[in-house]
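In: Mind looking at a prediction? Sequence and model below.
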Amino acid sequence: MVNELNVLDRMRASLQVHRFNVNTEKAYMYWARAFIDYHNGQDPSELGRDEVQSFIHYLSNERYAATQTQNQALHAILFLYKNVLHISPEWLNGLIGEREATRKSNILTKEEVQSLLSNLFGQEWLAVSLIYGAGLRVNECMSLRVRDINFQDNSILVRQPNGAAGWNTILPEKLIAALKTHLEDRKLLHIKDIADGLGEVHLHKNIREQYPNVARSWGWQYLFPATERTFDPATGNLSRHSHLAESIIDKAIERAAIDAQIYIRVTSTTLRNSFAVHLIRKGIDSKQVEGMLGHGLETEIDGLQVDVRSPLDELRIH
């Protein structure tokens, strides 16, 4: 029997050293624990290909887990073996390779992305363009603050769920003019809000404690604010802005895909994955792409400037 707590503690420490996204860290921890528990606490180093396949089949056949979920679990197990147990069995890399080769890839061509974007307008077009052009999750895009857009370095700061700085990704050059226009319109509305005694925005507790007087500042405003104000239980006021609901963007992508006659299920994750695949096909190093996606070590801004051009910049956009 393996000391499960010791293995999982080492797993968590290794994930933190590699600076994985918080959500990815939680998911990998969950799957490592589930894998060990499935095999009744047996030492993972003593398990082989059949035991891993048995666990994945269990997820598929008894828990009805989606293919994407199964693949995430498999990558978590790979991390456990390589970075915690410090073994890299060829059969595990081969198993992942086989699944990648045989699964249906829900990736759009650049022409399909262009067609999808041509069926979007206004801030929905801008948000979806950022999701593809910068490789963002929909919640990361909706949580962007004005201060996170760096026009000088053509970069975007993506924040952790607690509001802390996370990593940098590329700002598509073809979105700069549209973003500046969008920000000018937003600033006029913010000035009006301030004049009306409003203009506060939701901030995570950690940020409020560190910067107690910034809730009404321009830099901390959401890039994509919700139209309606929300009730703030802390003050009892209807004055704080939240961000645009993620479901609005999800539905916009779904409608645009139908209008573009794209006959596969298209989500924000599809666009994010397409961003990664299109960069890798251009010869961009996979580790740098993973950095822009928030997997592993941060990507340096200078590296982004020199080496990477967003795949969105190769499209004809309106």
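Out: Happy to help now that I have it.
In: and the gap between the most centrally placed residue in the chain and Ala195?
Out: When the chain is reduced to its mean C-alpha position, the closest residue under Cα atoms, centre = their mean turns out to be Arg137, at 3.3 Å. To Ala195, Arg137 is 35 Å away according to Cβ to Cβ, to the nearest Å. All C-beta atoms are positioned from the backbone trio N, CA, C, and that covers glycine.
In: so what's Arg147 closest to, chain neighbours aside?
Out: Gly219 (3.7 Å; Cβ to Cβ, 6 or more residues apart in numbering).
In: contacting residues for the one you found?
Out: Arg145, Val146, Arg147 (Cβ atoms under 8 Å, 6 or more residues apart in numbering).
In: Kindly report the same for Gly94.
Out: Per Cβ under 8 Å, 6+ apart, neighbours of Gly94: none.
In: Check Ala66 too.
Out: Applying Cβ under 8 Å, 6+ apart, no residues contact Ala66.
In: Please apply the same query to Ser242.
Out: Here Ser242 is in contact with His202, Tyr222, Pro225, Ala226, Thr230 (criterion: Cβ under 8 Å, 6+ apart).
In: quick one: average pLDDT of stretch 271-282?
Out: In this model, stretch 271-282 has an average pLDDT of 91.
In: Can you give me the buried ones in it?
Out: Neighbour counts over stretch 271-282 (16 or more other Cβ atoms under 10 Å) mark Leu271, Arg272, Asn273, Ser274, Phe275, Ala276, Val277, His278, Leu279 as buried.
In: element containing the second one, please.
Out: Following DSSP states H and E, one finds Arg272 within helix 268-281.
In: How far away from the center of its chain is that helix?
Out: Distance of helix 268-281 from the chain centroid (Cα atoms, centre = their mean, to the nearest Å) equals 11 Å.
In: Please shift the residue numbers so they start at 16 in all later answers.
Out: I'll keep to 16 as the first residue from here, and by that count the last item is helix 283-296.
In: and that helix, what does it pack onto?
Out: Helix 283-296 makes packing contacts with helix 125-132, helix 137-149, helix 261-274, helix 301-307 when contacts are defined by 3 or more Cβ pairs under 8 Å, 6 or more residues apart in numbering; DSSP states H and E.
In: all helices for the stretch 116-265 of the chain, in order.
Out: Ranges of helices in the stretch 116-265 of the chain, per DSSP state H, counting those that start in this stretch, are 125-132, 137-149, 153-157, 191-210, 220-225, 261-274.
In: Show me how the record splits this structure into domains.
Out: 19-117, 121-333 (automatic domain parsing).
In: Would you mind finding the most buried of the ones you listed?
Out: domain 121-333 (a mean of 17; mean count of other Cβ atoms under 10 Å).
In: tell me the contacts of Leu100?
Out: Leu100 neighbours (Cβ under 8 Å, 6+ apart): Val22, Pro59, Ser60.
In: Sorry, slip of the keys, the one I care about is Val99.
Out: Counting by Cβ under 8 Å, 6+ apart, Val99 has contacts Val22, Arg25, Met26, Ser29.
In: can you rerun that using 6 Å?
Out: Arg25, Met26, Ser29 (Cβ atoms under 6 Å, 6 or more residues apart in numbering).
In: Need these in TSV (columns: pLDDT).
Out: Below are the contacts of Val99 laid out as TSV (pLDDT from 0 to 100):
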residue	pLDDT
Arg25	90
Met26	90
Ser29	89
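In: of these, closest to Asn55?
Out: Met26 (18.3 Å; Cβ to Cβ).
In: Is the closest one in contact with Ala47, as I believe?
Out: Yes. Between Met26 and Ala47 there is a contact at 5.2 Å, judged by Cβ atoms under 6 Å.
In: Overlap in contacts, these two.
Out: Counting by Cβ under 6 Å, 6+ apart, nothing touches both Met26 and Ala47.
In: Tell me the bridge partners for Ile171.
Out: With DSSP bridges as the criterion, Ile171 is bridged to Ile164, Thr184.
In: Quick check: it touching Thr184?
Out: Yes. Assessed by Cβ under 6 Å, Ile171 is found in contact with Thr184 at 5.2 Å.
In: pLDDT wise, what is the residue nearest to Arg162 at?
Out: Looking at Gly234, the pLDDT reads 90.
In: From Pro227, how far out is it?
Out: 15 Å.
In: Over to Lys41?
Out: 29 Å.
In: before we move on, what about Ile51?
Out: Distance from Ile51 to Pro227, by Cβ to Cβ: 44 Å.
In: With Ser144 instead?
Out: Ser144 is 35 Å from Pro227, by Cβ to Cβ.
In: now the contacts of Val99 in a markdown table, with secondary structure and distance to Gln175?
Out: Output for the contacts of Val99, formatted as a markdown table (DSSP: H, G, I helix; E, B strand; the rest coil; distance: Cβ to Cβ, whole Å):
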| residue | secondary structure | distance to Gln175 |
| --- | --- | --- |
| Arg25 | helix | 22 |
| Met26 | helix | 19 |
| Ser29 | helix | 18 |
